[in-house]
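>>> From the sequence below, what's the structure:
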Amino acid sequence: MALPPVEQIKAQIEAGVPGASVTVILNGSPSAQHSLLLDPAHARAVAELLRDHSEWRLDYCTLVTGVDWPDTETSEKVKVRKFVKAADGTESEQEVDEVRKTKVPGYLEAVYHLFSMEKKHGQVVLRLRTGNRTDDTHVPSLTPVWRGAEFQEREAFDLYGIVFDGHPDLRRILMWDGFKDYPMRKDYVPPADEIPVIEVHS
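Residues are numbered from 1 along each chain as shown. Prediction:
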């Protein structure tokens, strides 16, 4: 039996896990691989439902990766009333256009790809989103649900700075202890002594 559309899975999750909030993230590419954004408070319960559901049995997590969404800025054109000075020095109140910019904080995402070995179907893609990229970078670990996520969550922690609460052994896996940054973030700048120098000989 094939998996139902993600909208149907969303509805069944919200019915099966009281209080859970699930958002369908649409993918406009030809693959149309839509995903489900889970609220962190109910992510563990939702993961267990997906794994144990008699029709879905999503028992295998094949991939966990991180995504960095940097801060962005939005612009909005609004009309405001201002006093405008004319050429003869007189001032009059007029309605003018003004552009207002708003900073939108970025965030990090942990993305999980799920399959069913038992039912031989998939995939379902889950997303967990942090509050921002600075001091609210925690999401719940799903390693207790899918043991295969353990090393991959460690990699996302190491390279993106996503902190997986409840992970059994959360520590760096590629970078050395004491390394302070996250090399896969889009604004990462390697230290000067790590930038290779290319010599050109004529």
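>>> From now on I want contacts and neighbour counts done on CA atoms only, so please keep to that.
Noted.
>>> check contacts around the residue nearest to the spatial centre of the chain.
Centroid-nearest residue in the chain, with Cα atoms, centre = their mean: Glu109, separated by 2.0 Å. Contacts of Glu109 were listed using Cα atoms under 8 Å, 6 or more residues apart in numbering, and they are Gly66, Val67, Asp68, Trp69, Arg127, Leu128, Arg129, Thr130, Ile162.
>>> separation between it and Asp97?
Using Cα to Cα, to the nearest Å, Glu109 is found at 37 Å from Asp97.
>>> For the one helix or strand Val125 maps to, name the packing helices and strands.
Assigned by DSSP states H and E, Val125 belongs to strand 121-129. On a contact count with 3 or more Cα pairs under 8 Å, 6 or more residues apart in numbering; DSSP states H and E, strand 121-129 meets strand 35-38, strand 107-116.
>>> What pLDDT does the model give the spatially most distant residue from the centre of the chain?
Computed with Cα atoms, centre = their mean, the residue of the chain farthest from its C-alpha average is Asp88, at 56.4 Å. Note on Asp88: pLDDT of 81.
>>> same deal with Lys119?
With respect to pLDDT, Lys119 scores 94.
>>> Against Val189, how distant is the nearest residue to it once chain neighbours are set aside?
Nearest non-adjacent residue to Lys119, counting by Cα to Cα, 6 or more residues apart in numbering: Arg57, 6.8 Å away. Distance of Arg57 to Val189, computed by Cα to Cα: 42 Å.
>>> hmm, back to that, Serialize the helices and strands packed on strand 121-129 to CSV and add fields for distance to Thr134 and mean pLDDT.
Shown next, in CSV, are the helices and strands packed on strand 121-129 (distance: least, Cα to Cα, whole Å; pLDDT from 0 to 100):
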stretch, distance to Thr134, mean pLDDT
strand 35-38, 20, 98
strand 107-116, 8, 98
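>>> now Asp71, nearest residue through space, not along the chain?
Nearest non-adjacent residue to Asp71, counting by Cα to Cα, 6+ apart: Gly106, 4.0 Å away.
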